[in-house]
Each structure stands twice: as structure tokens, then as C-alpha cells.
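In: below are the sequence and a predicted model for it; my questions follow.
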Amino acid sequence: MKKAIVTGANGFVGAAICRELSKNNVQVIAVVRSRNADISNLAGLEQLRIVYCELKDYNELEQMISDRDIDIFYHMAWSGTSGSLRGDSEVQTDNIRYTCDAVKVCARMCCKRFVYAASIMEYETEKAIKEELPVEINTIYCTAKLAADYMARALANDLKIEYIRAVISNIYGPGEVSARLINTSIRKLLKNEHCAFSPGEQLYDFIYITDAAKTFLSIGEKGISNRTYYVGSLQPKPLKKFLTAMKNQINPKAEIGLGEIPFEGVSLSYQEFDIQAVQKDTGFVPKVSFEEGIRLTAEWIKSVEE
């Protein structure tokens, strides 16, 4: 791989992919939505140039980018990934169209490989629907991701583009500013604040940000077209074990409130999909242990909040 496009390039995961590509001497075209966006997480990267383009204007990317020797198109951008917008049908329907636009412009720019960022939550939504369970309004986000995958896959095959789906588990690490489970819990543990959780019997998985970025690099280079790859640590276990390990690393004397919140989600069986596909097809295995990742994340949080 010599050159790649990354949409959503200044996001938590997108920026990490840009850093990993740059480190491996890949020229990166980083697509960022707005000139007002914070791009500090892309600062200092070699062989990187930024192109500003809103999702609704992806059809114009081919006029903004003259390169016709791009190897891989990483599509990480998506609106409404958290909060109430997850349940906004208009926002999420627009995302489907933007993803299809990205595939089409990928073809027009003569790029032959498209990597689509999916979410582990899609499996949860599919399972709930198959089991005829009620689904909440925020699953509109997941169903839109699924619909975008099906449509983008069909378009890519019709346009003779190699299509790869990367299903992201739970990525954590320095640079994550959204209020997600790991960084929120670490902050509370550092401040000796009480943490309340479900019983934590459901299977979970976490992957450190640098390992996630390396996974994307590996599947971009060596992944097989039309395959789905799981981006995780390959070691799922009950959530309570992760939470206990996190507590022991950050604040061993703290008490975590397991069982104080009811679990109302869908518990996945990781036997339902191939979590070993990345290792089998690319040879990559995540290197950073959960304990080490928690330590590094806690150090970063302390450094930015002191």
C-alpha cells in the first residue's frame, strides 16, 4: 500500500489509522468534514494532507482530489454515533446514502479497495430481531449501519471494487474524549467516585487503540474481498472480569457496584462469528494487554486533566 484515503480522519479511530498509515510510509489523504474541526490529533504526521468535505458532498471528492493511484479507501465517517442522534431516523438514513456515495466516488477515483467500518452493536441488533425481542429507538443507528453495509457491498461488487467490512468491538485508549465505558469509569476511579454497573455476566471485548489501527492496516493490505473482519482483542470474557481488572489497575481499594444497574441488552455469543479471521488472513495479533492499555489510558487522562 502506497496511498490511502481515510474519511472521518480526525475522529478517535480515524486519526489512529492515519497515524499508523503514516508510520508505515503510506501517503494519507485525510478527509475532514469542516475547516472548524479540531485536527490536533493529526498534527505532525508525515505524508498526510487534509481535504475538507462534508458527508453530503462526498460526490464532489473526485474534484477535490486529483489522485488516481489510491490503493485503499477507509470509510470511517458517520454522523450521529452517540446520544439522541442514534435514534434520529433522518440522520441515520442520510448516513446510508453518504456511504453509498463514498463507494461510488471510490470507483470513479480508480481506487480498487473499500474498507467499511461497522460496529459490534450490529450483531446485537440482528440477534434481538431474530429472537423477536423489542428493540429500542437507538438501534436505528445499528440498522442504518447494517443497511449501509448491504448496499455498499452490492455497489462495490457491481463496480468491481474489493469490499471489506471491519466490525469494531470496543476500542479504548488515549485520545478518546466521548463519554464511553472505559474512559468514564477510569475518570471515576481516579477521583474515588462510585461506579455502578450491570451484573457484568454478558460477554465483552476491548481492544487498545493502537492495536485497532494496526488491525485496519492489516486488513486493508491483506484482507480478502467480501469478508467481514472482527476488530477486537480476540479474548472476549464476561464484562465483570474486565471491570475488576480495570479497578485493580487504577484503584484497587475501590468498590465497583456490579449488579446495581439491570442489564437490558442482548448478550452475544462470540461463537456466532469468526473472531480469528484477521489472524488467519493477515497474521496480525493484538499486542497490548487490557491491563497495559488501561494503565496507558489512565496516564493520558491524568496528563490532560491535571
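Out: Nice, I can see it.

In: what secondary structure does the residue sitting furthest away from the middle of the chain sit in?
Out: Distance from the centre of the chain peaks at residue 253, with 32.5 Å (C-alpha atoms, centre = their mean). Following DSSP: H, G, I helix; E, B strand; the rest coil, we place residue 253 in the coil state.

In: now do the domain split for the protein, please.
Out: Taking automatic domain parsing as the criterion, the chain consists of the domains 3-168, 181-202+236-270+291-301.

In: in JSON lines: those domains, plus distance to residue 279 and mean pLDDT.
Out: In this view, the C-beta of every residue, glycine as well, is placed from N, C-alpha and C. Output for those, formatted as JSON lines (distance: least, C-beta to C-beta, whole Å; pLDDT from 0 to 100):
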{"stretch": "domain 3-168", "distance to residue 279": "14", "mean pLDDT": "96"}
{"stretch": "domain 181-202+236-270+291-301", "distance to residue 279": "14", "mean pLDDT": "94"}
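
In: buried deepest among those, which one?
Out: domain 3-168 (a mean of 18; mean count of other C-beta atoms under 10 Å).

In: now the helices for the stretch 1-150 of the chain?
Out: Assigned by DSSP state H, counting those that start in this stretch, the stretch 1-150 of the chain shows helices spanning 12-23, 61-64, 89-108, 121-130, 139-158.

In: of all those helices, which one comes closest to residue 180?
Out: helix 12-23 (9.2 Å; C-beta to C-beta).

In: got the CA coordinates for the closest one in CSV?
Out: What follows is helix 12-23 as a C-alpha-only set of coordinates in CSV (Å, rounded to 0.1, in the frame of the first residue of the first chain):
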residue,chain,number,x,y,z
PHE,A,12,-10.7,8.9,17.6
VAL,A,13,-10.3,5.8,15.4
GLY,A,14,-9.8,7.6,12.1
ALA,A,15,-6.8,9.6,13.4
ALA,A,16,-5.2,6.5,14.9
ILE,A,17,-5.5,4.8,11.4
CYS,A,18,-3.9,7.9,9.9
ARG,A,19,-1.0,7.7,12.4
GLU,A,20,-0.4,4.0,11.7
LEU,A,21,-0.5,4.5,7.9
SER,A,22,1.9,7.5,8.2
LYS,A,23,4.2,5.4,10.4
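
In: distance from the chain centre to it, please.
Out: Relative to its chain's centre, helix 12-23 lies at 12 Å (C-alpha atoms, centre = their mean, to the nearest Å).

In: what's that helix packed up against?
Out: strand 3-7, strand 27-32, helix 209-222 (3 or more C-beta pairs under 8 Å, 6 or more residues apart in numbering; DSSP states H and E).

In: would you turn the ones you listed into CSV with distance to residue 104?
Out: Below are the helices and strands packed on helix 12-23 laid out as CSV (distance: least, C-beta to C-beta, whole Å):
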stretch, distance to residue 104
strand 3-7, 14
strand 27-32, 15
helix 209-222, 20
